[in-house]
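**Student:** Show me the folded form of this:
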Amino acid sequence: MNPVVFESVLTCPHCGFAAQETMPTDACLFFYECSHCKTLLRPTSGDCCVFCSYGSVKCPPIQQQHACCG
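**Tutor:** Take a look at the predicted model:
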């Protein structure tokens, strides 16, 4: 099994701004405000959190093939 990655680059789908963020290991991040355009991002349908929708790396539970936020 690959080591879990805790850093992900979130890219805003509205303005394209990218920011490196540390993913929480004990909670899902359902909302994220883009620091550039101030758009409030929410997970897309079928994803558990904003990292799974807009991040360069899926959230830690998904990386470990566990249910996220269950």
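**Student:** mind listing what the most centrally placed residue in the chain touches?
**Tutor:** If you average the C-alpha coordinates of the chain and look for the closest C-alpha using CA atoms, centre = their mean, you land on Phe51, 1.0 Å from that point. Contact criterion CB atoms under 8 Å, 6 or more residues apart in numbering gives 8, 10, 21, 23, 29, 57-59 as the residues in contact with Phe51. Bear in mind the C-beta positions are built from the backbone N, C-alpha and C, glycine included.
**Student:** Tell me which of these fall in strands.
**Tutor:** Assigned to strands by DSSP state E, the following of the contacts of Phe51 qualify: 8, 10, 21.
**Student:** Touching, the first one and Gly55? I think so.
**Tutor:** Translated: Ser8. Yes. Proximity of Ser8 to Gly55 meets the contact threshold set by CB atoms under 8 Å, at 3.7 Å.
**Student:** Identify the contacts common to these two.
**Tutor:** With contacts taken as CB under 8 Å, 6+ apart, the residues that reach both Ser8 and Gly55 are 21, 23.
**Student:** coming back round to it: just to be sure, the residue nearest to the centre of the chain is in a helix?
**Tutor:** Yes. Phe51 sits within a helix when classified using DSSP: H, G, I helix; E, B strand; the rest coil.
**Student:** Next, find the distance separating it from Val9.
**Tutor:** With the distance defined as CB to CB, to the nearest Å, Phe51 ends up 10 Å from Val9.
**Student:** Now do the shared contacts for these two.
**Tutor:** 21, 57.
**Student:** how long is stretch 21-36 from one end to the other?
**Tutor:** Across its full length, stretch 21-36 reaches 14 Å end to end, with CA to CA, to the nearest Å as the criterion.
**Student:** cool, stretch 32-46 as well?
**Tutor:** End-to-end distance of stretch 32-46 (CA to CA): 17 Å.
**Student:** Buried ones in that stretch, by neighbour count?
**Tutor:** Burial within stretch 32-46, assessed by neighbour count using 16 or more other CB atoms under 10 Å, is assigned to 32, 34, 41, 43.
**Student:** Looking at those, which one is closest to Cys68?
**Tutor:** Pro43 (10.0 Å; CB to CB).
**Student:** State the distance from the closest one to Pro24.
**Tutor:** Taken as CB to CB, the span from Pro43 to Pro24 is 14 Å.
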